[in-house]
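1. Got a sequence here, can you model it:
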Amino acid sequence: MGCEDLPKPMFGIGNKPILWHIMQIYKYYGFGDFILCMGYKKDKIEEYFRKGKRIIFADNGLDTNTGGRIFKVKPFIKEEIFFATYGDGLSNVNIRSLLKFHKKHKKLATVVAVRPRSQFGIMSIDSHTGAISHFEEKPFLDHWINGGFFVFDRRVYKYLGKNSILESDCLPRLASDKQIAAYKHEGFWECMDTYKDNLRLNQFWNEGNAPWAVWKKKGKN
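-> Residues are numbered from 1 along each chain as shown. Here you go, the predicted model:
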C-alpha cells in the first residue's frame, strides 16, 4: 500500500506508523489514554488501532482546522490538564518534565519549543575580501519554533471554537494574554513534512539509532 493511500499519521517508520511511535513515547512516561482526532482516511487509523482499549476515535471531519479538532473532543477530556500533539513529529522530549514545567509556570498552555536545522549548508564570507572562511552543513538555526507537543489547561477552551486555527488564532491570543509558556527542548526533534524526512526517520530506525524511541532505553527518566 502506497503512502497516497494513507493519512499522514499512518506513514511508516520501520513496520509501524509514525502515530504508533508518538503513542509509545507517551506510554513510556505513563500516559496511555488517547483521543485520536481523525479526518482523511480515518478508517485506516481505526482499523490499525481498533484493538487499543484506551483509545477514543473521534471523527473530526475532513476540513476541521487544528484548533477546531481540539474543540470538538472537549466532551471526551475529563482531566484538568491534557496533552495535545501533532501526528507527524517525533522527539525525545521528557513528557514528565514537560508536565512538571507546565504546572510550575501555571499558564493555560505550554508548547515545546525546538530549534530547527537549516535545510541548506551555510558558509561564512568575509565582507571585505569575499573569502570563504568555513562551511557548515545544515546547522541549527538561532530561532525557536513550535515543536508540536503541547500541554493545555482545560480552561484553554475559552480560546477555542469549532473553526479555530490553533497556530494563527488560539496560540497568538494566549501569548497576548501571557497565558502560554515555552518549554525549550535542545534534544532530538524531527518533523515528517516530506518524503525525504520519512527516509531520514526510517534510516534512524533501521540503524538502531532512533533517539525518540525512549521506550527502548534502559531505565525511566
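2. Could I get the pLDDT score of the most centrally placed residue in the chain?
-> A centroid search over the chain (Cα atoms, centre = their mean) returns G148, at 3.4 Å, as the residue closest to the centre. pLDDT, G148: 94.
3. E136 too?
-> Model confidence at E136, given as pLDDT, is 62.
4. List the strands paired with the top strand by length along the chain, with their directions.
-> Taking DSSP state E as the criterion, the chain has its longest strand at strand 145-153. According to DSSP bridges, strand 145-153 forms sheet pairs with strand 81-85 (antiparallel), strand 109-114 (antiparallel).
5. Name the residues that touch it?
-> By Cβ atoms under 8 Å, 6 or more residues apart in numbering, the residues outside strand 145-153 that reach it are 70, 80-86, 88-89, 91, 93, 95, 98-99, 102, 107-116, 167, 171, 185, 189, 191. To be clear about C-beta, it is placed using only N, CA and C from the backbone, and glycine gets the same treatment.
6. now the helices for the chain?
-> Here the chain has its helices, by DSSP state H, at 18-28, 42-49, 66-72, 95-105, 171-176, 195-206.
7. Could you look over these and pick the most buried one?
-> Highest mean neighbour count among the helices of the chain (mean count of other Cβ atoms under 10 Å): helix 66-72, with a mean of 21.
8. May I have that helix exported as CSV, CA atoms only?
-> Extracted in CSV, the C-alpha atoms of helix 66-72 (Å, rounded to 0.1, in the frame of the first residue of the first chain):
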residue,chain,number,x,y,z
THR,A,66,-6.2,22.2,14.2
GLY,A,67,-7.9,24.3,17.0
GLY,A,68,-11.3,23.0,15.9
ARG,A,69,-10.2,19.4,16.3
ILE,A,70,-9.3,20.1,19.9
PHE,A,71,-12.5,21.9,20.4
LYS,A,72,-14.6,19.0,19.1
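9. what does it rub up against?
-> Applying Cβ under 8 Å, 6+ apart, the contact partners of helix 66-72 are 37, 39, 58, 60, 64, 84, 86, 152, 157, 160-167, 169-170.
10. got a list of what I25 touches?
-> 90-91, 95, 212, 214-215.
11. for the protein, what are the low-confidence residue spans?
-> For the chain, the stretches flagged by pLDDT under 70 are 1-4, 117-124, 126, 130-141, 218-221.
12. Please repeat the previous calculation with a cut-off of 90.
-> 1-8, 38-42, 51-53, 59-64, 115-143, 193-194, 196, 216-221 (pLDDT under 90).
13. Could you pull up the residues touching I56?
-> I56 touches 34-36, 73, 76, counting by Cβ under 8 Å, 6+ apart.
14. and these, which are buried?
-> Neighbour counting over those (16 or more other Cβ atoms under 10 Å) leaves 34-36, 73 as the buried ones.
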